[in-house]
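Chemist: can't give you the sequence, but here's the structure:
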């Protein structure tokens, strides 16, 4: 990592949509990733996270909308590896090649001085394992090697897909501190995960998608206070319709109506305006993880 502060680059998604045939993997997705912060990109498996990141990196062509870094598409960046470092979950390594040689190949392809190879191996804790063949690496060591590759160009932007997958508890603690240090230097850090518990101690803000759509963008504190509202009424269908008209979402169950997207006060106002008497109105408190599950529900989209 560089010791001097650096100018980060804002990542901007605007109306991003991707369809595979009749299936919408990502739908009208818009959000911003600021510099100098760690942003968690969350959603259940199949929510569209990896497709979104691949569109950002020019690996998948959007059906419509844009994904830019400092106002430019990835393919238009003059020095891509010096601007954006990436580590996707599906990264592959030649099993017979050593970690050092793997990074040397990447450095040569990106026009990066070979001296960076030993530097990044040391940064990710693989300094003593650089001459070991990658085929003998554990999943956690492969994750570290992927991060080393992302750091080769000393980039201002890091895009990491499920970076803690396969790490032991010590490795998870290490990467949490490491990501915060990167952001403190002014870099832009976007980290995807399907589990809030994996990233909540390292992120400054979160973006949550479900079924390819944005369902939350903001702070962890806002997420905790923005969980579900439990409500009930003699006419549950009328209550659900009033909630939808007010901009919320409603799921009618045997126990009542589970509402997300608007708070309890807004539910009360909506019901009153629609002439729907309520028999129950209460915020559902269950901590961050419960709020996350309330927002994303059970489903997802490929």
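Modeler: Thanks, I have the structure now. Not measured: the values here are computed from a predicted model.

Chemist: And the helices in the protein, which stretches?
Modeler: For the chain, the helices defined by DSSP state H occupy 49-56, 80-83, 99-110, 115-123, 139-151, 169-184, 196-199, 220-225, 236-245, 264-274, 287-296.

Chemist: among these, which is nearest residue 40?
Modeler: Among the helices of the chain, the nearest to residue 40 by CB to CB is helix 196-199 (4.4 Å). Using the backbone N, CA and C atoms, a C-beta is placed for each residue, glycine as well.

Chemist: circling back: determine which stretch of the helices of the chain is the most buried.
Modeler: Most buried of the helices of the chain by mean neighbour count (mean count of other CB atoms under 10 Å) is helix 49-56; its value is a mean of 24.

Chemist: name the helices or strands packed onto that one?
Modeler: Applying 3 or more CB pairs under 8 Å, 6 or more residues apart in numbering; DSSP states H and E, we find helix 49-56 packed against strand 11-20, strand 23-33, strand 37-42, strand 64-69, strand 157-161, strand 188-193.

Chemist: Dump the helices of the chain to JSON lines, plus mean pLDDT and distance to residue 208.
Modeler: As requested, the helices of the chain are exported to JSON lines (pLDDT from 0 to 100; distance: least, CB to CB, whole Å):
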{"stretch": "helix 49-56", "mean pLDDT": "96", "distance to residue 208": "10"}
{"stretch": "helix 80-83", "mean pLDDT": "91", "distance to residue 208": "26"}
{"stretch": "helix 99-110", "mean pLDDT": "94", "distance to residue 208": "32"}
{"stretch": "helix 115-123", "mean pLDDT": "96", "distance to residue 208": "30"}
{"stretch": "helix 139-151", "mean pLDDT": "92", "distance to residue 208": "23"}
{"stretch": "helix 169-184", "mean pLDDT": "91", "distance to residue 208": "18"}
{"stretch": "helix 196-199", "mean pLDDT": "84", "distance to residue 208": "9"}
{"stretch": "helix 220-225", "mean pLDDT": "74", "distance to residue 208": "8"}
{"stretch": "helix 236-245", "mean pLDDT": "96", "distance to residue 208": "20"}
{"stretch": "helix 264-274", "mean pLDDT": "95", "distance to residue 208": "20"}
{"stretch": "helix 287-296", "mean pLDDT": "78", "distance to residue 208": "6"}
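
Chemist: quick one: which of those helices is nearest residue 159?
Modeler: Among the helices of the chain, helix 49-56 comes nearest to residue 159, with 6.0 Å by CB to CB.

Chemist: And the closest one, how far out from the chain middle?
Modeler: How far helix 49-56 lies from its chain's middle: 10 Å, per CA atoms, centre = their mean, to the nearest Å.

Chemist: do you know how far residue 72 is from residue 100?
Modeler: 32 Å (CB to CB, to the nearest Å).

Chemist: gap between the nearest residue to residue 83 once chain neighbours are set aside and residue 155?
Modeler: With sequence-adjacent residues excluded and distances taken as CB to CB, 6 or more residues apart in numbering, residue 83 is closest to residue 77, at 5.0 Å. Applying CB to CB, the value for residue 77 to residue 155 is 10 Å.

Chemist: Of all residues in this protein, which one is nearest the centre?
Modeler: By CA atoms, centre = their mean, the mean C-alpha position of the chain lies nearest to residue 41, the distance being 1.5 Å.

Chemist: who's in contact with that one?
Modeler: 49, 52-53, 190-193, 206-207, 209 (CB atoms under 8 Å, 6 or more residues apart in numbering).

Chemist: confidence score at it?
Modeler: We have a pLDDT of 96 for residue 41.

Chemist: related to what we said a few turns ago, neighbour count for residue 77 and residue 155, which is higher?
Modeler: Higher neighbour count among residue 77 and residue 155: residue 155, with 22 against 18, using other CB atoms under 10 Å.

Chemist: Does that one touch residue 87 like I think?
Modeler: No: using CB atoms under 8 Å, residue 155 is not in contact with residue 87; the gap is 11.2 Å.

Chemist: related to what we said a few turns ago, burial count for the closest residue to the residue nearest to the centre of the chain other than its chain neighbours?
Modeler: Among residues not flanking residue 41 along the chain, residue 192 sits closest, at 4.2 Å (CB to CB, 6+ apart). Around residue 192 there are 24 other residues, counting by other CB under 10 Å.

Chemist: ditto for residue 78
Modeler: Residue 78 has 7 nearby residues by other CB under 10 Å.

Chemist: how much space between it and residue 241?
Modeler: Counting by CB to CB, the gap from residue 78 to residue 241 is 53 Å.

Chemist: I appreciate the help and will end here.
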